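Participant: test case, fold it:
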Amino acid sequence: MTYSTNPASFLWGAATAGHQIEGNNTNSDTWFLEHVEPTVFAEPSGAACNSFERWEDDLALVAGMGLNSYRFSVEWARIEPNPGEFSTAALDHYERIVDGCLERDLAPVVTYNHFTAPHWFGARGGFLDADAPMRFATYCARVTEAFGDRIAYGLTLNEPQLHRLLAWIPLPDFVYEANKATLAAASKAAGVDRYRVANVWIPAEFEEFDDGFAAGHEAARAAIKAAVPDLPIGLSIAMCDDCVVGDDTTVRDRKRAECYDRWLDIAANDDFIGVQNYERRWYDGDGAVEVDSSLPLNDMGSAVEPGSLAGAAAYAYERSGVPVLVTEHGVATDDDTLRAGLIPPALDQLMDLRDGGVPLLGYFHWSLLDNFEWVSGYNHHLGLHEVDFKTFLRTPKPSARVYADVVARHHAG
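Facilitator: Residues are numbered from 1 along each chain as shown. Below you'll find the model as predicted:
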């Protein structure tokens, strides 16, 4: 069974990431960091949503909402637990998920690296290691050779510039101090000079991360295309909708240059750009400004603004010139009425953008499930479905039906 991308089709989907839902990803760098002392992680990931075993339940949820696509990640740590040692059992597992998607008329969208990597890779310095691009490309080639002919779109990396974006929020100094202490503890526990992972950073290494991720993406893209030339390949970046109060765009433009433009320029050589948006930010000529204190806030303290998605997608296309795939969009909140209220207007404005000529390939809501949210542990909930982390029962929230209804309406139109 194969998948052939139809340019006229629009993908409506939900997104997940392996480490955040599968559970017991014990050979990974992130698992290792969760268990050192001190650690920046609020708690270990543990069994997560038990999706390594319950992946068919997850596909049933996606299909049950009337969606036609599912974005998930393959876990490098499971596929290559030791350097050069590839697990046939792990590749077969992910191949079953791909085929399970196709059996349910879901287009599989696969992320090759959603932050997590093997423990041995972290012990070598992660993407700061000189051999990282080659090692990442070799892994991507093996995955593509196994089932790349059956996936709709492939993403090499997830948010490789997140460190730049968070520096503009900005994160308080104690977060970076906690990151530094965690990486020092990991380096000591692993017996290496520099243990590094893709989503715990030290500001002094930002430039190295930028260069390592860029080289990794380009090497992986070449390796994937060598295996399956017709597979559309891109990467996803985290984007705010950055807006200006007044006429002075200096600060806004500097932020775009620091956070997005290198990656949007790289994407100009890709088949598409993945956009992940959760908020809008406002700037004048002096810096960040607040413009509307009446808007509801998500759990991160940001305003919930439906128009931010279309704004971010518009700039991504303007700069890169390639089609846009919305690979994440959602809201961290325990108030599901906020999520249910966000989805219809955000998607209506996104479709207006498409009608206006911006080539949009699809939309994936983050996330299908409440899951492990990295350093925040299980304290933030972005799922369309609630998960009982003891029984692993999935329960749809009202927002799941709202999303399904919006998709049905756009299908009908």
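Participant: just the C-alpha atoms of stretch 260-280, please, in CSV.
Facilitator: Taking Å, rounded to 0.1, in the frame of the first residue of the first chain, the C-alpha atoms of stretch 260-280 are listed here in CSV:
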residue,chain,number,x,y,z
TYR,A,260,12.7,32.7,11.8
ASP,A,261,14.5,34.0,8.7
ARG,A,262,17.4,31.6,8.6
TRP,A,263,15.0,28.7,8.6
LEU,A,264,12.6,30.2,6.2
ASP,A,265,15.4,30.8,3.8
ILE,A,266,16.5,27.2,4.2
ALA,A,267,12.9,26.1,3.6
ALA,A,268,13.1,27.8,0.2
ASN,A,269,15.0,24.7,-0.9
ASP,A,270,12.5,22.4,0.7
ASP,A,271,9.0,21.2,-0.6
PHE,A,272,7.1,23.0,2.2
ILE,A,273,7.5,24.8,5.6
GLY,A,274,5.9,23.5,8.7
VAL,A,275,4.4,26.3,10.9
GLN,A,276,3.7,25.9,14.6
ASN,A,277,1.8,28.8,16.2
TYR,A,278,0.4,29.4,19.7
GLU,A,279,0.4,33.1,20.2
ARG,A,280,0.6,36.7,18.9
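Participant: mind listing what's buried in that stretch?
Facilitator: 260-264, 266-267, 270-280 (16 or more other Cβ atoms under 10 Å). Yep, even glycine has a C-beta here, placed from its N, CA and C like the rest.
Participant: okay, and which of these map to strands?
Facilitator: Secondary structure from DSSP state E places 273-277, 280 of the buried residues of stretch 260-280 in strands.
Participant: mind listing what Gly274 touches?
Facilitator: 155, 234-237, 324-327 (Cβ atoms under 8 Å, 6 or more residues apart in numbering).
Participant: quick one: which two of those residues are the most distant?
Facilitator: Leu235 and Val326 (13.7 Å; Cβ to Cβ).
Participant: distance-wise, check the closest residue to Asn82 other than its chain neighbours relative to Glu75.
Facilitator: Nearest residue to Asn82, sequence neighbours excluded (Cβ to Cβ, 6 or more residues apart in numbering): Trp120, at 6.3 Å. Distance, Trp120 to Glu75, using Cβ to Cβ, to the nearest Å: 14 Å.
Participant: and those two? Which one has more around it.
Facilitator: Glu75 (24 against 17; other Cβ atoms under 10 Å).
Participant: pLDDT value on the more buried one, please?
Facilitator: Residue-level confidence at Glu75 comes out at 98, pLDDT.
Participant: show me what contacts the closest residue to it other than its chain neighbours?
Facilitator: Nearest residue to Glu75 in three dimensions, chain neighbours excluded: Gly18, at 4.1 Å (Cβ to Cβ, 6+ apart). If a contact means Cβ under 8 Å, 6+ apart, then Gly18 has 25, 72-75, 78, 114, 116 as its contacts.
Participant: looking at the residues you listed, which one is closest to Tyr403?
Facilitator: Phe72 (17.6 Å).
Participant: following the helix or strand hosting that closest one, which helix or strand comes up?
Facilitator: For Phe72, the host element (DSSP states H and E) is strand 69-73. Next along the chain after strand 69-73, taking DSSP H and E as the criterion, comes helix 76-79.
Participant: which neighbouring elements make contact with that following helix?
Facilitator: If you count contacts as 3 or more Cβ pairs under 8 Å, 6 or more residues apart in numbering; DSSP states H and E, helix 76-79 packs onto helix 88-103, helix 132-147.
Participant: touching the last one from outside, list them.
Facilitator: Pointing back at helix 132-147 there. Helix 132-147 is touched from outside by 74, 76, 79-80, 83, 86, 91, 94-95, 98-99, 110, 112-113, 121, 124-127, 129, 154, 156, 212, 215-216, 218-220, 222-224, 226-228, 231, with contacts defined as Cβ under 8 Å, 6+ apart.
Participant: from these, keep the buried residues only.
Facilitator: 74, 76, 79-80, 91, 94, 98, 110, 112-113, 121, 124-127, 129, 154, 156, 212, 215-216, 218-220, 223-224, 227-228, 231.
Participant: out of the residues you listed, list just those in strands.
Facilitator: Those of these lying in strands (DSSP E): 110, 112-113, 154, 156.
Participant: quick check: neighbours of the host helix or strand of Thr395 in the sheet, parallel or antiparallel?
Facilitator: Assigned by DSSP H and E, Thr395 falls within strand 394-396. Here strand 394-396 has these sheet partners by DSSP bridges: strand 385-387 (antiparallel).
Participant: what's the helix or strand just after the strand holding Thr395 in contact with?
Facilitator: Following the chain from strand 394-396 toward its C-terminal end, the next helix or strand by DSSP H and E is helix 398-412. By Cβ under 8 Å, 6+ apart, the surrounding residues in contact with helix 398-412 are 10, 12, 61, 65-67, 336-337, 339-340, 343-344, 347, 351, 365, 384-385.
Participant: with stretch 331-351 instead?
Facilitator: For stretch 331-351, contacts defined as Cβ under 8 Å, 6+ apart pick out 278, 296, 298-300, 304, 306-310, 313, 326, 329-330, 360, 363, 365, 373, 380-382, 384, 397-399, 402-403, 406, 410.
Participant: low-confidence regions, the stretch 301-413 of the chain specifically.
Facilitator: 412-413 (pLDDT under 70).
Participant: can you give me the strands in it?
Facilitator: 324-329, 360-366, 385-387, 394-396 (DSSP state E, counting those that start in this stretch).
Participant: dump these to CSV, plus mean neighbour count and distance to Asn50.
Facilitator: Converted to CSV, the strands of the stretch 301-413 of the chain look like this (neighbours: other Cβ atoms under 10 Å; distance: least, Cβ to Cβ, whole Å):
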stretch, mean neighbour count, distance to Asn50
strand 324-329, 27, 22
strand 360-366, 26, 19
strand 385-387, 21, 9
strand 394-396, 16, 10
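Participant: for Arg196, which of these is the nearest?
Facilitator: Distance to Arg196, taken as Cβ to Cβ, is lowest for strand 324-329 among the strands of the stretch 301-413 of the chain, at 23.8 Å.
Participant: picking that back up, what lies in contact with the strand holding Phe72?
Facilitator: Under Cβ under 8 Å, 6+ apart, the answer for strand 69-73 is 11-19, 58-59, 62, 97, 101, 106-114, 152, 158, 327, 362, 364, 368.
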